[in-house]
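# Got a predicted structure here, sequence first:
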Amino acid sequence: MTATTDHWIEVAVQTPAHSGVGDLLSYRSPVPLETGSLVRVPLGRREVLGVVWNNGLTAPDLPPQALKDIAGALEGLPPLDGRWCQLMAFAAQYYQRSLGEMALSALPPQLRDLDNIQLARRLKKQTAATYSLQIQPGPTLSTQQTQALQQIATHAGPFLLFGSTGSGKTEVYLHAVAQVLQADDSAQALILVPEINLTPQLEARVRERFGKDAVVSMHSGLTPAQRLKSWLAAHTGTARIVLGTRMAVLASMPQLQLIVVDEEHDPSYKQQEGARYSARDLALYRGQQCGARVLLGSATPSLESWHHSRPADADSDPGGRYLRLHMPARIGAAPLPVVRRVDMNHQPRRTVLSAPLVQAIQARVAKGEQSMLLLNRRGYAPVLYCADCGWKSECRHCSAFRVFHKIDRTLRCHHCGATDRVPRACPSCGNADIAPLGRGTEQLEEQLAELLSGVRRPDGQPVRIARIDADTTRLKGALESQLAAVHSGEVDVLVGTQMIAKGHDFRRITLVAAINPDSALFSSDFRAPERLFALLMQAAGRAGRDATQGESEMLVQTFHPTHPLFEALKRHDYPAFAASELAERATASLPPFSHQALLRADAREQAVAQGFLNAARQTLEAWLGEEEGGAEVLEQVSLYPAVPMGLQKVADVERAQMLLESPSRKHLHRALSRLQDVLHTLRADPAHKGLIRWLVDVDPQAI
Ligand code: ADP
Ligand code: ZN
Ligand code: ZN
């Protein structure tokens, strides 16, 4: 007996990653539905949104009555196209998540709540908004900008635009977008930025150039209604440009022809929860898949992208897959700042602000210029300490110290948020004399105020100091107003964390200082030097953006002034830094010379977490050992023993991790997909009862 009018369809729905429910669920539909259509389907007692993945199937091995009917289709919405579905399938497989989770998390949440009438209304607004694209002319391009654009127009890419801060990369992006949109009336372009809050200037520039109707933005700061609106505009093609953060790489853009990834080295492109995808890497996949050009840009590219864009070498190396475009000169010929290293070995012990730095700040204030001081620690002091008994302000719930915040006299854990009032005396021995150890931005601000109390601006007013970090910008709009104060010249000395180093076009800053950058030189994270170098180069790029301001400088306070990283920084020589880092990575077989994945386990007890990981490793080894081709996988993939994570305990949860590493991506993925089966099998074993969760991080950004 076959039903003549019913259609069997397979639907991707969001099931929890570890639920064990298969990726696709089968339903019956009274009407034929195209692949990529959105439907509402019953799941347990709920009704959920799903994407039709396969249609027109022959009846599955189930009696028809075992299948439930779909609850309804979202009418009027064009189906998601095959390439989008393929992108989701790839991302799910690559990042080891379920297809449904990947696909559904890429859709705007509000789609789940709309009925067909509401949806029709929203769609009608979209089509009503037709307009003709008017592109404003930009400035006359420099020679190096023109050359870069010529390359982009005549090669397939992907491209790495390696341009100094202020070299006019953004202008190249905008021209590349204009080229693509002008050549084809329906073409779409995607511009990715690391953090949209930090780049309101870029958003304004894009809207001004292309008209506000052509551009939509996509980031987590939007309301659900705004997000839906942007998504529909991108999906239906009314938006010609999508400007967004990493999530935008998953947007449906049927006519996508160009993807720009600005500041491509930025770690914020890696999602840190759920499906831990890299938006930069997915942009590259997506570009290849749909024939869109991909343009990565940075003054300090990731070492991966630098390596992949290496020129061919006469001997044997055929070169990287990307085409490297170089723009060394800054627009307006404002020279990069002079970098001076302050040897802290020659300063009095416990000096925070060295004499040369204080003098330099004073000189800038006297000239009416701005200074920016970077310290990557917020709060007053990272720990409170009792010199009598050695007590330290540890967090009860985390393997970390609670940070002393003087402003409200609290001890706050920056990991779990636990907050207490500062004790009057040492909780352990009663000593009344507990003292802050180390320093954060709050203390720096306080000390600066003391040191500069007698200093006057050219107008005779006292010096004005401001601080920008996660504490001062908690309230909505606070960051914007604080940045505006800096731009309008109300601030003479700005203190902050790395938040202030990125992206802002502060035209009047002529002095930048790194207060205490040394810790990254000796970090256990092999990417720490790369991040530090990028941060310092970015910070240096903040100085002297206005050629009329005269000479600008950067001061680096360090106990290791001859460290090669600072030598390269002094010369603004990213290629030299990259060459030496890459040589070290090659020797140690680290990325980009190998591929990594982390398996993490969380439990109440460290032993349980590690026990689970080690059992997973042993089981995986055993299974692969017996399978066809498994020996080769075992040979190619190193499975390391479980270790506690650097930050071992957070909010009373013990964390452990296990590293998988391989020169071969293919073999690493074979191991990972087998590992999924292992994990589901072990989970059922009562020996691992205390396990809270596990997660897999492919191409992790921190180890
Ligand atoms: P980057 O993105 O490389 O840091 P931008 O594109 O922001 O650099 O350019 C730096 C500054 O120079 C901006 O104020 C920009 O408006 C200006 N600019 C860029 N290209 C040109 C050009 N060809 N002529 C004049 N000004 C330009
Ligand atoms: Zn004590
Ligand atoms: Zn804590």
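Received, thanks. Ligands and ions are numbered 1, 2, ... in the order given.
# Can you get me a residue count around the residue nearest to Ser186 when sequence neighbours are not counted?
Distance criterion CB to CB, 6 or more residues apart in numbering; nearest residue to Ser186, sequence neighbours excluded, is Gln255 at 4.7 Å. All C-beta atoms are positioned from the backbone trio N, CA, C, and that covers glycine. Counted with other CB atoms under 10 Å, residues neighbouring Gln255 total 18.
# For Ala425, see how far away Gln255 is.
Per CB to CB, to the nearest Å, Gln255 is found 68 Å from Ala425.
# and stretch 261-275, does that touch ligand 1?
No - Stretch 261-275 is not in contact with ligand 1 by CB under 6 Å from any ligand atom; minimum separation 7.6 Å.
# What residues of that stretch count as buried?
Val261, Asp262, Glu263, Glu264, His265, Asp266, Ser268, Tyr269, Lys270, Gln271, Ala275 (16 or more other CB atoms under 10 Å).
# Any idea how far apart the tips of it sit?
Stretch 261-275 has an end-to-end distance of 20 Å (CA to CA, to the nearest Å).
# ok now it, how far from the chain's centre?
A distance of 2 Å separates the centroid of the chain from that of stretch 261-275, by CA atoms, centre = their mean, to the nearest Å.
# Now do it, average pLDDT.
Mean pLDDT, computed over stretch 261-275, is 93.
# where along the stretch 301-450 of the chain do the strands fall?
Assigned by DSSP state E, counting those that start in this stretch, the strands in the stretch 301-450 of the chain fall at 323-327, 338-343, 370-374, 383-386, 403-405, 410-412, 419-421, 434-437.
# try the stretch 1-150 of the chain
7-13, 24-29, 38-43, 46-54, 68-69, 72-73.
# Of all those, which one is nearest ligand 1?
Checking the strands of the stretch 1-150 of the chain against ligand 1 by CB to the nearest ligand atom gives strand 46-54 as the closest, at 37.3 Å.
# Could you check the angle that closest one makes with strand 38-43?
Relative orientation of strand 46-54 versus strand 38-43 (axes from the mean of the first three to the mean of the last three CA atoms, to 10 degrees): 130 degrees.
# How far away from the center of its chain is strand 46-54?
Worked out by CA atoms, centre = their mean, strand 46-54 lies 29 Å from the chain centre.
# cool, stretch 658-673 as well?
That offset, for stretch 658-673, works out to 23 Å (CA atoms, centre = their mean).
# and that stretch, what's its mean pLDDT?
95.
# neighbours around whatever residue of the stretch 51-200 of the chain ends up closest to ligand 2, how many?
For the stretch 51-200 of the chain, the residue closest to ligand 2 is Glu195, as judged by CB to the ion, at 41.6 Å. By other CB under 10 Å, the residues close to Glu195 number 16.
# Without its sequence neighbours, what residue ends up closest to it?
The nearest residue in space to Glu195 (CB to CB, 6+ apart) is Ser268, at 5.7 Å.
# Also Glu394?
Closest residue in space to Glu394, ignoring its immediate chain neighbours: Phe401 at 5.8 Å, by CB to CB, 6+ apart.
# Might one say that the one you found is in contact with Ala381?
No - counting by CB atoms under 8 Å, Phe401 stays clear of Ala381, with 9.5 Å between them.
# Give the full set of residues in contact with the residue nearest to Ser186.
Asp184, Ser186, Ala187, Gln188, Gly237 (CB atoms under 8 Å, 6 or more residues apart in numbering).
# And these, which of them are buried?
Among those, those buried by neighbour count (16+ other CB under 10 Å) are Ala187, Gln188, Gly237.
# By mean pLDDT, which helix or strand of the chain comes out lowest?
Ranked by mean pLDDT, DSSP states H and E, the helix or strand of the chain with the weakest confidence is helix 116-128, at a mean of 78.
# Going by neighbour count, list what's buried in that one.
Leu119, Arg122, Leu123, Gln126.
# packing partners for it?
helix 224-236 (3 or more CB pairs under 8 Å, 6 or more residues apart in numbering; DSSP states H and E).
# The helix it packs on to helix 116-128, inter-axis angle?
60 degrees.
# hmm, back to that, to ligand 2, which of the strands of the stretch 301-450 of the chain lies closest?
strand 383-386 (3.2 Å).
# Is the closest one positioned near ligand 2?
Yes - using CB under 5 Å from the ion, strand 383-386 reaches ligand 2 at Cys386.
# Only alpha carbons, please: show that strand as CSV.
Output in CSV follows, covering the C-alpha atoms of strand 383-386 (Å, rounded to 0.1, in the frame of the first residue of the first chain):
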residue,chain,number,x,y,z
VAL,A,383,45.1,39.9,43.3
LEU,A,384,45.0,40.9,47.0
TYR,A,385,47.8,39.5,49.1
CYS,A,386,48.6,39.0,52.8
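# how far does that strand sit from the chain's center?
33 Å.
# buried set for it?
Buried, per 16+ other CB under 10 Å, within strand 383-386: Val383, Leu384, Tyr385, Cys386.
# elements contacting that strand?
Short answer (3+ CB pairs under 8 Å, 6+ apart): strand 383-386 packs on strand 403-405, strand 434-437.
# what about the first one and ligand 3, touching?
Spelled out, that is strand 403-405. No - shown here: strand 403-405 not in contact with ligand 3 (CB under 5 Å from the ion), separated by at least 10.2 Å.
# what's the following helix or strand after the one helix or strand Ala622 maps to?
Assessed by DSSP states H and E, Ala622 sits inside helix 606-626. Using DSSP H and E, the next helix or strand after helix 606-626 towards the C-terminus is helix 630-636.
# Now do the buried residues in that next one.
For helix 630-636, burial by neighbour count (16+ other CB under 10 Å) applies to Gly630, Val633, Leu634, Gln636.
# Quick check: the gap between the third one and ligand 1.
Same thing as Leu634. According to CB to the nearest ligand atom, to the nearest Å, Leu634 and ligand 1 sit 47 Å apart.
# Repeat that for the second one.
Using CB to the nearest ligand atom, Val633 is found at 44 Å from ligand 1.
# dump the residue contacts of that residue.
With CB under 8 Å, 6+ apart, Val633 has these contacts: Leu624, His667, Arg670, Ala671, Arg674.
# repeat that for 6 Å
Shown in contact with Val633 (CB atoms under 6 Å, 6 or more residues apart in numbering): Leu624, His667, Arg670, Ala671.
# Which ones, among these, also lie beside ligand 2?
Within the contacts of Val633, nothing lies near ligand 2 by CB under 5 Å from the ion.
# Let's have those in CSV, adding secondary structure and distance to Thr419.
What follows is the contacts of Val633, written out as CSV (DSSP: H, G, I helix; E, B strand; the rest coil; distance: CB to CB, whole Å):
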residue, secondary structure, distance to Thr419
Leu624, helix, 48
His667, helix, 47
Arg670, helix, 47
Ala671, helix, 43
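# Quick check: the farthest pair among those?
Spanning the widest gap among the contacts of Val633 are Leu624 and His667, at 10.2 Å by CB to CB.
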